[in-house]
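**Student:** got a predicted structure here, sequence first:
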Amino acid sequence: MKLKIKSRDGAGRTGIMQIDGGVEASIPNIVYFDTDRFKPPDFAEIVGVYDDRETGGKVRIRYPEHPWLDRDIYPASMPSRFHSTVEEENQIIIPCDMEAIVNVKRNSKINLLANLVSIYPRSRQFVKNVVKIREKAGYGALLLAPGIANAQNLSLLVYMGIDLVDVTSAILWARKGMMFFPEGMVHSKDMEELSCDCPSCRKVRSPSDMGFKDIMMHNIHVMNQELKRVRYAISTGRLRELVESRISSSPELAEKFRILNEEFYQFLEERTPVSRRTKLKAVLLDSLNYPEVKRFRERLLERYTKPEGASILLLLPCSAKKPYSLSKSHRKFREAILSCDNHHIVHEVIVTSPLGIVPRELENFYPADRYDIPVTGHWFEDEKRMIRDTFREYIERNHYDVIVSHLPESLNKVIIEEISDVLATCIDNPVSKKSLDRLRDVLKDSISQYNRAIKPSERFRNSIKSMMMYQFGRKVAEELMDSCDQIKGSFPNVRIYGKGKLLASFSPDRRMFSLSIEGARFLFSNRVYTVKVADGFDIKGSILAPGVLETDEDIRIEDEVAVVRDDRICGVGIARMNGKEMMDMDYGEAVKIRYHT
């Protein structure tokens, strides 16, 4: 089986699968049955059969004729002898069980998740089984989840990493008169009028006129329409938003979504780009555990160090406009800061949810540069706890002589619970004249205690170093900036040179630093963000996955990576797959090359 991936979001992905001698189908997709009683619709790309019948040029997946006897669908509580993997030509039947003990190796086949139906109601076991199988089978495998999909849960299943589902549920629920909708299921007798314009519904006047086949075809059409929405959402980086809109009316689905976010962070983080163009919409409290949000906090605390010489910490509230410095409120804060002599000794840190705290240097990195939250002035306990924990650990790692808080009272109380020795400057509203005057006076008084003035160029250089620490890690940042003898331009159009050669530049488009060949040498010397290709491999516009021999597993999509051949740097570019996926896949672009030797 060949698999070509076009776009990714969460563990979901779109692309083309090729099987059965060159027959192709899109993923994610739905398997439609071809039996004596049921025929697949014209738009079907994948057909499930129980025998060797021809499928008219469509991808064929063999289903067991007797699911119980052939161990396709059976209770997870069955004896252990039932839980054995069965491998066929293009398929592997993988049993799911209550302990999520998965016996499968990396493969490039369709992995049918047997007896998933019986585990589905048990959310934690269900999520654990799917995640473990997805991880062990690898990126080159397709996961088929039979018997559980409907229009409401389809987006969540794909977000979890399931590539294929079938119409079993659409048929079984149609027998009971239940009609599928993206918001949930409704019995046909409970509907006063039809709210659907599918071909099946257009044939009847009212829901009461619909028989089993009418409802079944309605369910199939609704699932197909939802599939199209899922594919579009993946291609635009908005699959999670679609998932959240579907789970809002289902406690059962919300439960699975939260378990996935809270307990399987590493699984999702590995598949989450470090930069993207779409805005992060943090509408639910679940956003505190989004992979890009938790990763931001982790890198802030583990990699980042405040700029050298910054001795006064100034805590500021966030703004609706991002980056914060473009907002009216933060321009007023800056005016107050700039009115002070030696103001480069002040370090601005924004307090916000769901990120926790954002140093001014990091406001241009994703997701700090483009997120949106509902602003009510009320802080939930989970948000307060997250801010307290993040702030406490940050202060333990970064020492300041003075802490000034220009936060509203409700948020200032959260900070004071951790550190009582805080100079509060917000009297009523952070941007009121009284508050800004108070801020200016407190800063001037605090700054006056320092005799040494920090030059603008010195602070600028130290800020860039802190930014690089966040992106590449401390050691790479320190070595690269030690080699820097000239910085040209002003932010965000900054270029960093060493001995007359360009080392790095900040990309306003990607909101990250881009490296030159010379700059990439610091990645290679530290054995981080490095992709090794075969000796003699021709480096041109892209590195394809088959040419990759070895990678750093910490590489994420959109990371800067150094390409190594014959134990020498031969290129630098942008990762289009994460490190593990580069090793698993036989097709697709692994690295988009910017410079090569």
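**Tutor:** Received it, and whenever you're ready, just let me know what you need.

**Student:** helices of the stretch 101-250 of the chain, residue ranges please.
**Tutor:** Residue ranges of the helices in the stretch 101-250 of the chain, as given by DSSP state H, counting those that start in this stretch, are 116-119, 123-137, 154-160, 168-175, 199-202, 212-235, 239-247.

**Student:** can you list the buried residues in the last one?
**Tutor:** Taking 16 or more other C-beta atoms under 10 Å as the neighbour-count basis, helix 239-247 is seen to contain the buried residues 239-244, 246-247. In this view, the C-beta of every residue, glycine as well, is placed from N, C-alpha and C.

**Student:** can you pull the contacts of residue 551?
**Tutor:** Contacts for residue 551 (C-beta atoms under 8 Å, 6 or more residues apart in numbering) come out as 530-532, 579-580, 582-583.

**Student:** and for residue 268?
**Tutor:** With C-beta under 8 Å, 6+ apart, residue 268 has these contacts: 10-11, 260-261, 291.

**Student:** and the pLDDT at it?
**Tutor:** We have a pLDDT of 97 for residue 268.

**Student:** which element is it on?
**Tutor:** Counting by DSSP states H and E, the element that carries residue 268 is helix 265-270.

**Student:** which parts of that helix are buried?
**Tutor:** 265, 267-270.

**Student:** stretch 23-43 too?
**Tutor:** 25, 27-34, 40.

**Student:** ok, of the residues you listed, which one's closest to residue 448?
**Tutor:** Distance ranking of these against residue 448, using C-beta to C-beta, places residue 28 first at 62.7 Å.

**Student:** nearest residue to the closest one in space, please, no chain neighbours.
**Tutor:** residue 158 (4.9 Å; C-beta to C-beta, 6 or more residues apart in numbering).

**Student:** need the pLDDT of the one you found.
**Tutor:** pLDDT at residue 158 comes out at 98.

**Student:** quick check, it in contact with residue 229.
**Tutor:** No - assessed by C-beta atoms under 8 Å, residue 158 is found out of contact with residue 229, at 10.5 Å.

**Student:** now do the helix or strand residue 388 falls within: which elements does it pack against?
**Tutor:** Counting by DSSP H and E, the element that carries residue 388 is helix 381-397. Helix 381-397 sits against helix 291-302, strand 356-359, helix 409-416, with contacts defined as 3 or more C-beta pairs under 8 Å, 6 or more residues apart in numbering; DSSP states H and E.

**Student:** still on that earlier bit, burial count for the residue nearest to residue 28?
**Tutor:** The number of residues packed near residue 158 is 32, by other C-beta atoms under 10 Å.

**Student:** what sits against it?
**Tutor:** The neighbours of residue 158, taking C-beta under 8 Å, 6+ apart as the test, are 12, 28, 230, 234, 239.

**Student:** got it, and residue 576?
**Tutor:** Contact partners of residue 576, counting by C-beta under 8 Å, 6+ apart, are 542, 557, 588-592.

**Student:** now those residues in CSV, with neighbour count, secondary structure and distance to residue 346?
**Tutor:** Formatted as CSV, the contacts of residue 576 follow (neighbours: other C-beta atoms under 10 Å; DSSP: H, G, I helix; E, B strand; the rest coil; distance: C-beta to C-beta, whole Å):
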residue, neighbour count, secondary structure, distance to residue 346
542, 14, strand, 45
557, 19, coil, 36
588, 19, coil, 47
589, 19, strand, 44
590, 27, strand, 43
591, 28, strand, 40
592, 14, strand, 39
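
**Student:** what's the closest of these to residue 319?
**Tutor:** Checking those against residue 319 by C-beta to C-beta gives residue 557 as the nearest, at 28.6 Å.

**Student:** residue contacts, the closest one?
**Tutor:** For residue 557, the contact set (C-beta under 8 Å, 6+ apart) comprises 8, 271-274, 575-578.
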